[in-house]
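Asker: Based on what follows, work out the 3D shape:
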Amino acid sequence: MLNSGMVDKFRRWIEESEEIVLTCHVRPDGDAIGSTLGMMHLLQTLGKKATVVVPDQPPRSLAFLPGFKDICIFTRHDEYSRRLMSEADLIICSDFNKLSRQDSLGAVTEAASAKKVMVDHHQQPDNFCDLSFSYPDMSSASELMFRLIAAMGYYTEMNLDSATCICTGIITDTRNFSVNCKNPDIYEVLMRLLDKGVDKTKIVREALLTRSLWSLRLQSYALAEKMEIFEKWHCAVTALDKSELERFHYERGDTEGLVNEALDVRGIYFSFFLREDDDCVKVSARSIEDFPVSKICEDVFGGGGHLMAAGAEFKGSLEDCRKKLIEAIPEYLCYLPSRPRKVE
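Answerer: So this is what the prediction gives:
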């Protein structure tokens, strides 16, 4: 699966480097944080000075991960982040394949003189790294990171902290092995992580199930009052504006997984969630049975992702974003099953 020559080069670069920075995309999720922290712990075991630098605040649902408190957040520690990047011998870019996905940190990553390695599973990568491991069929960047660790011969050096972070990334991106995991090899990866002592039950509870009271109230409100069901189109659209988010004391991560909820309704094949942020409308899309929400995100909003899990950002008002989406949806109904189930 992996190119042995590229794997050997990656290992050699790690061996030759002393200061290594791992970085990811803006609004980091479980896969971004899990893959970077997982490799960070391994590199520290190998005697390297390894640090994770992220564009902005990770969700608090991941605070249980070992090393979380040591993450350097660019929006809080601008000068220190820049120094880490400029002094690095090697920069590992995980779970993103375009510098624009790093927001303002992207320019810092681009300007750094260090060798750069991409570890990613999204489609249509840009060519900004010296070495790129790009596998869109992989369940997650964390699965790819584990495979690289194993291919480089570092599995025996992998400790429980590293395995816990990697496993968290896989679990969150696959929603506990319910999406993006058609390849049965993913379960062998899980077995190898469990062999390290990973507590899968705790990861699922902390990363996917546990939430604050305000987060629960926000999601309940969104489902009861804001979720629109378009029966003839077999889809759902949920939109939350800034005033609604403020009413429920929104914090990063509080709406995680909300876009998936409508897919539990029999007859719903795809779901969109629109959230009004300070500078844009964040678009999240999920689907079942190979309905290509990635195509909608790309065509309508210039976004992308995986076939059944995609996203985008819209520069404009929430209502304009919603209107543009709803006007576009009928063009994609040809991708529904020939005899879709009735919405119940």
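Asker: Would you mind measuring from Ala239 to Ile166?
Answerer: To Ile166, Ala239 is 34 Å away according to CB to CB, to the nearest Å. Heads up, the C-betas are built off the backbone N, CA and C, glycines and all.
Asker: now the helices for the stretch 1-150 of the chain?
Answerer: Secondary structure of the stretch 1-150 of the chain, counting by DSSP state H, counting those that start in this stretch: helices at 4-16, 30-45, 78-87, 105-111, 141-151.
Asker: Now do the buried residues in the longest one.
Answerer: If you call a residue buried by 16 or more other CB atoms under 10 Å, then helix 30-45 has these buried ones: 30-44.
Asker: Only the buried residues of stretch 128-138, if you could.
Answerer: Under the neighbour-count criterion of 16+ other CB under 10 Å, stretch 128-138 has Cys129, Leu131, Ser132, Phe133, Ser134, Tyr135, Met138 buried.
Asker: what does stretch 8-28 give?
Answerer: Residues of stretch 8-28 classed as buried: 10-11, 13-14, 17, 20-28 (neighbour count, 16+ other CB under 10 Å).
Asker: Over to stretch 57-68?
Answerer: Across stretch 57-68, burial judged by 16+ other CB under 10 Å covers Gln57, Pro58, Pro59, Ser61, Leu62, Leu65, Pro66, Gly67.
Asker: now those in JSON lines, with pLDDT?
Answerer: Converted to JSON lines, these look like this (pLDDT from 0 to 100):
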{"residue": "Gln57", "pLDDT": "93"}
{"residue": "Pro58", "pLDDT": "95"}
{"residue": "Pro59", "pLDDT": "92"}
{"residue": "Ser61", "pLDDT": "92"}
{"residue": "Leu62", "pLDDT": "96"}
{"residue": "Leu65", "pLDDT": "98"}
{"residue": "Pro66", "pLDDT": "98"}
{"residue": "Gly67", "pLDDT": "98"}
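Asker: Include distance to Gln124 when you put the residues you listed into TSV, please.
Answerer: Output for those, formatted as TSV (distance: CB to CB, whole Å):
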residue	distance to Gln124
Gln57	27
Pro58	25
Pro59	26
Ser61	29
Leu62	27
Leu65	30
Pro66	33
Gly67	31
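Asker: Return the member of the residues you listed nearest to Tyr155.
Answerer: Pro66 (18.3 Å; CB to CB).
Asker: hey, where'd the strands end up in the chain?
Answerer: Assigned strands in the chain, in chain order: 19-23, 49-54, 72-73, 90-94, 115-120, 131-134, 227-230, 235-240, 270-276, 281-287, 304-306, 309-314 (criterion: DSSP state E).
Asker: what does the first one contact?
Answerer: This means strand 19-23. For strand 19-23, the surrounding residues in contact (CB atoms under 8 Å, 6 or more residues apart in numbering) are 14, 36-37, 39-40, 43, 48-55, 84-85, 87-94, 102, 105, 109, 114.
Asker: Just the buried ones from those?
Answerer: Neighbour counting with 16+ other CB under 10 Å marks 14, 36-37, 39-40, 43, 48, 50-55, 84-85, 88-94, 102, 105, 109, 114 as buried within the contacts of strand 19-23.
Asker: related to what we said a few turns ago, quick check: of the buried residues of helix 30-45, which lies closest to Arg211?
Answerer: Distances from Arg211 to these, taken as CB to CB, are shortest for Gly30 (13.8 Å).
Asker: Can you tell me how far the closest one is from Lys342?
Answerer: From Gly30 to Lys342 the distance is 34 Å (CB to CB).
Asker: Over to Lys242?
Answerer: Using CB to CB, Lys242 is found at 36 Å from Lys342.
Asker: neighbour count winner among these two?
Answerer: Lys242 (13 against 9; other CB atoms under 10 Å).
Asker: what is the residue lying closest to the more buried one once chain neighbours are set aside paired to in the beta sheet?
Answerer: With CB to CB, 6 or more residues apart in numbering as the criterion, Lys242 has its nearest non-adjacent residue at 4.8 Å, and that residue is Glu276. Beta-bridge pairing for Glu276 (DSSP bridges): Val281.
Asker: What residues does Glu276 make contact with?
Answerer: Ala239, Leu240, Asp241, Lys242, Leu245, Lys282, Leu318.
Asker: mind redoing it with 6 Å?
Answerer: By CB atoms under 6 Å, 6 or more residues apart in numbering, the contact set of Glu276 is Asp241, Lys242, Leu318.
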